[in-house]
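Participant: sequence? don't have it. structure:
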């Protein structure tokens, strides 16, 4: 499985960016897809996720500002980021997860894309 992330960049506070993650196979083949981020010196954290059934989850810090969506025909997951803040600066990673058994999961990761928000 390959995940190709893109869309990062430098933006001023209050601006917007849209990240894209193209999968090498149907995104419905994954139990969940999502975006994580990691800032320097911090742990990687879940930003937003969506299950194969369409249920979404957002970190409290991005609720109301970020939106995760899917284009199934393009095998692509998007993260629309609005009202960006300097604290959103991080490397963003797309993730796809499958549960081969009830008690295990496999994670697939895209390469990171840098998002930098200037104040």
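Facilitator: Nice, thanks for sending it over. These numbers were taken from a predicted model, which means no experiment stands behind them.

Participant: For this structure, give the strand that spans the most residues.
Facilitator: The residue-count maximum for a strand in the chain (DSSP state E) belongs to strand 90-101.

Participant: Could you tell me which strands sit next to that strand in the sheet, and their orientation?
Facilitator: Counting by DSSP bridges, the strands paired with strand 90-101 are strand 32-38 (antiparallel), strand 104-109 (antiparallel), strand 113-118 (antiparallel).

Participant: Could I get the full set of strands for the chain?
Facilitator: 3-6, 9-12, 17-23, 32-38, 45-51, 56-58, 66-71, 76-81, 90-101, 104-109, 113-118.

Participant: Now mean pLDDT and mean neighbour count too, for those strands, in a markdown table please.
Facilitator: For the C-beta atoms, the positions are set from N, CA and C on the backbone; glycine is no exception. Below are the strands of the chain laid out as a markdown table (pLDDT from 0 to 100; neighbours: other C-beta atoms under 10 Å):
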| stretch | mean pLDDT | mean neighbour count |
| --- | --- | --- |
| strand 3-6 | 97 | 18 |
| strand 9-12 | 98 | 13 |
| strand 17-23 | 98 | 20 |
| strand 32-38 | 97 | 22 |
| strand 45-51 | 97 | 18 |
| strand 56-58 | 97 | 15 |
| strand 66-71 | 96 | 16 |
| strand 76-81 | 98 | 22 |
| strand 90-101 | 94 | 18 |
| strand 104-109 | 94 | 13 |
| strand 113-118 | 98 | 17 |
